[in-house]
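Asks: pasted the sequence and its predicted model underneath.
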Amino acid sequence: MALHLTEILTGAGERAAAEELVERLRTAATEAGGRLLEVQVSEDFTRVFFVTEDADPVRLAAGVAELGVARSDPAPVRLVGATVDAVRARAAGPASHLVEWDFPAGLDMDTYLARKKEKAPLYSQVPEVAFLRTYVREDMGKCLCLYDAPDDAAVVRAREVVTTPIDRLHRLAEPADAAAASPSQP
């Protein structure tokens, strides 16, 4: 199964606009032969991160382009730290924060995955933070890490413990508020 990440700048920081956009993304994913696996919306409703499953990336890009919003092209990603089934079932945990990390030049997937496995046990030093899952772009441009934490400072402490930088930190909207993390039905 192929997973693709697309990022959108909504152009409006309103809940209703974000909810409408999520529904339109769900339709675009279906029309591209796939489905929406996961959506995360920033708390200020200006950014949407969505992952599709088995969608044709060319058709998906065309469908998202029709929405008339600033966006990235769909990028193939690898899910780390959870299974697709757990994300589908919403059993992979609700996220409160999303960290973007732009990978340094020269980092390869095998090195990244080995380092992640080695460092993951260190999260226990920050028990108020739960690492949930990561989407790693196959081109090694960056990753998105999802956490459940009481505040931004706790996420920063967790990243410091595993000696991993934060390029951008987003507090996420509650799923019920913006239909975030609501996978489409099969």
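Replies: Ah, there it is.

Asks: the helix ranked longest in the chain: which residues count as buried?
Replies: Of all the segments of type helix in the chain, defined by DSSP state H, the longest one is helix 15-31. Buried positions in helix 15-31, judged by neighbour count with 16 or more other C-beta atoms under 10 Å: 17-19, 21-22, 25-26, 28-29. Heads up, the C-betas are built off the backbone N, CA and C, glycines and all.

Asks: can you check stretch 55-72 too?
Replies: Neighbour-count burial for stretch 55-72 [16+ other C-beta under 10 Å]: 55-57, 59-61, 63-64, 67, 69, 71.

Asks: pipe the buried residues of helix 15-31 into a markdown table and attach pLDDT and distance to Ala114 per row.
Replies: Shown next, in a markdown table, are the buried residues of helix 15-31 (pLDDT from 0 to 100; distance: C-beta to C-beta, whole Å):
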| residue | pLDDT | distance to Ala114 |
| --- | --- | --- |
| Ala17 | 89 | 41 |
| Ala18 | 90 | 37 |
| Glu19 | 90 | 40 |
| Leu21 | 91 | 37 |
| Val22 | 91 | 35 |
| Leu25 | 93 | 34 |
| Arg26 | 94 | 36 |
| Ala28 | 95 | 36 |
| Ala29 | 96 | 32 |
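
Asks: and which of these is nearest Ala153?
Replies: Nearest to Ala153 among the buried residues of helix 15-31 is Ala18, at 25.6 Å by C-beta to C-beta.
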